[in-house]
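**Q** Generate a structure from the sequence data that follows.
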Amino acid sequence: MSRSPGAGPPDDTDPGPVVVAVEHVSKKFVIRRDKSLKERLVNAARSRRHREDFWALRDVDLRIHAGTTVGLIGPNGSGKSTLLKTIGGILQPTTGQVRRRGRLAALLELGAGFHPDLTGRENVYLNAAILGLSRAQTDSFFDAIVEFSGIPEFVDTQVKFYSSGMYVRLAFAVAVHVDPDVLLVDEVLAVGDEPFQRRCLDRIRTFQAEGRTIVLVTHALDQVVDVCDRAVVLEHGRVAFDGAPADATRFLRGEYVVADEAHLERERQRATSDSDAPPLSGARVHAVRLLDSSGRPVDHLAPGSPACFDVDVEVPEATADLVVGVGLATLAGQGLWGTNTKLMGRRLAAPAGRSSVRIEIEGLHAGPGQYEVHGAVASWRGPEVDRLARGLVLTVDGGDETIGVLGVRPLAASIGPAGG
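**A** Take a look at the predicted model:
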């Protein structure tokens, strides 16, 4: 059940003082249809037909309390980054207001706040000065900033020669070393390599232990559940859900399922009607079904449950070289598991027309959440011929005692002497 916008943290404990108050904020941008400066001048005095108002935010009302970590999530274009920039004071709201308290550091889009013609060293001092630090304070932080960034050999190089990863390393290092009370972080962490991402997450957890406030924009929903204690879902510039991270990610993934089903159906129709499509053998995957241990079709399972997949395929003529496969992926398309009859050493002979191939599995050890199951068909010696990308949306049931894509259920916890 969703919480009302602005309801605050999802628990009943004392939330502490409000450090960011977003009060009925809306933000409008004007999209111009003029294709050149001449057209803009000609159309300026005519009418509004050549421009369109786009509301990136609509009546957003939030209270963010000290010491909390809040995730802003939603589909592309939902207003997450616009809201973060509005909180940071980079954008001014069209209506409403944002009130802040304490020192705020923002790590927004790539290179924001960096001057390309200045060196890394010069940009460190420039950014620190903008955030209110004296030169003496920056001197005391400088060596730690450079060490954290991991690019000491490039610190005296102009940042216009930096790679995207180097940009992010230095920008994040500055943001976390200027002693902020509130840290705003956009999706830029996805640019860094894995060791740097781990270092960033470690620093975020240190900030949490110190009682600092973090507002995080990300598409990594599992990361939101792991790091945040509250999540806000934005859709079309409005707050669609505000509550516990696990509930918020379930809500958003449900919305993704609806949108992706419509997209996949359009893609299937386009592929069917496309006369320029490359010639295929004509084999097709028509359906994927999941059956529980008693043979009943289901779309829900408990972690570790035995099951089997039925894949309905059609081949234009009889073959002795049919290969059929199934796979499991997140709703974002990240592959988690897959198998096929060739990997299993089972060479299938199929008559012309439609057949159903059953693949039994010992147990589906997936974590609680929703997943997509695909079916595919190929020949023994050839490439994949056809794939039903989302043949089934599977829900793995479970409690809130675990997170992630592995369905490993904890049984007990105890405490005893160290080392034993």
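**Q** Name the residues of stretch 164-180 that come out as buried.
**A** By neighbour count on 16 or more other Cβ atoms under 10 Å, the buried set for stretch 164-180 is 166-178, 180. No exception for glycine: its C-beta is placed from N, CA and C like everyone else's.
**Q** where do the strands sit along the stretch 251-400 of the chain?
**A** 284-291, 297-298, 300-301, 305-315, 319-330, 335-340, 348-350, 353-364, 369-379, 384-396 (DSSP state E, counting those that start in this stretch).
**Q** can you dump the C-alpha coordinates of the fourth one into PDB?
**A** Think strand 305-315. This file holds the C-alpha atoms of strand 305-315, laid out as PDB (Å, rounded to 0.1, in the frame of the first residue of the first chain):
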ATOM      1  CA  SER A 305      10.800 -24.900  -5.500                       C
ATOM      2  CA  PRO A 306      11.100 -27.700  -8.000                       C
ATOM      3  CA  ALA A 307       9.400 -26.900 -11.300                       C
ATOM      4  CA  CYS A 308       9.500 -27.400 -15.000                       C
ATOM      5  CA  PHE A 309       9.100 -25.200 -18.100                       C
ATOM      6  CA  ASP A 310       7.000 -26.100 -21.200                       C
ATOM      7  CA  VAL A 311       8.100 -24.300 -24.300                       C
ATOM      8  CA  ASP A 312       5.700 -24.500 -27.300                       C
ATOM      9  CA  VAL A 313       7.600 -24.300 -30.600                       C
ATOM     10  CA  GLU A 314       6.700 -24.600 -34.200                       C
ATOM     11  CA  VAL A 315       8.900 -25.900 -37.000                       C
END
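**Q** tell me what that strand is packed against?
**A** strand 284-291, strand 319-330, strand 353-364, strand 369-379 (3 or more Cβ pairs under 8 Å, 6 or more residues apart in numbering; DSSP states H and E).
**Q** go again using 6 Å as the cut-off
**A** Secondary-structure packing of strand 305-315 (3 or more Cβ pairs under 6 Å, 6 or more residues apart in numbering; DSSP states H and E): strand 284-291, strand 319-330, strand 353-364.
**Q** Quick one: closest of the ones you listed to W337.
**A** strand 319-330 (4.6 Å; Cβ to Cβ).
**Q** Output the contacting helices and strands for the closest one.
**A** strand 305-315, strand 335-340, strand 348-350, strand 369-379.
**Q** In the stretch 1-150 of the chain, where is pLDDT below threshold?
**A** Within the stretch 1-150 of the chain, the stretches with pLDDT under 70 are 1-14, 32-50, 109-113.
**Q** Tell me where it has helices.
**A** For the stretch 1-150 of the chain, the helices defined by DSSP state H, counting those that start in this stretch occupy 37-43, 80-87, 120-130, 135-149.
**Q** wouldn't L234 be in contact with S78 here?
**A** Yes: taking contacts as Cβ atoms under 6 Å, L234 lies within contact range of S78: 4.2 Å.
**Q** Name the residue in the two with the higher neighbour count.
**A** Neighbour count, other Cβ atoms under 10 Å: between L234 and S78, L234 has more, with 26 against 21.
**Q** Doesn't the more buried one belong to a strand?
**A** Yes: assessed with DSSP: H, G, I helix; E, B strand; the rest coil, L234 lies in a strand.
**Q** Packed most tightly, which of the helices and strands packed on strand 305-315 would that be?
**A** strand 319-330 (a mean of 20; mean count of other Cβ atoms under 10 Å).
**Q** Pull the residues that contact it.
**A** 309, 311, 313, 335-338, 340-342, 348-350, 357, 359, 371-380 (Cβ atoms under 6 Å, 6 or more residues apart in numbering).
**Q** Next, the angle strand 353-364 makes with that strand.
**A** 40 degrees (axes from the mean of the first three to the mean of the last three Cα atoms, to 10 degrees).
**Q** Any chance of the helices of the stretch 1-150 of the chain in a markdown table with mean neighbour count and distance to G304 as columns?
**A** Output for these, formatted as a markdown table (neighbours: other Cβ atoms under 10 Å; distance: least, Cβ to Cβ, whole Å):
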| stretch | mean neighbour count | distance to G304 |
| --- | --- | --- |
| helix 37-43 | 12 | 62 |
| helix 80-87 | 23 | 35 |
| helix 120-130 | 19 | 50 |
| helix 135-149 | 16 | 41 |
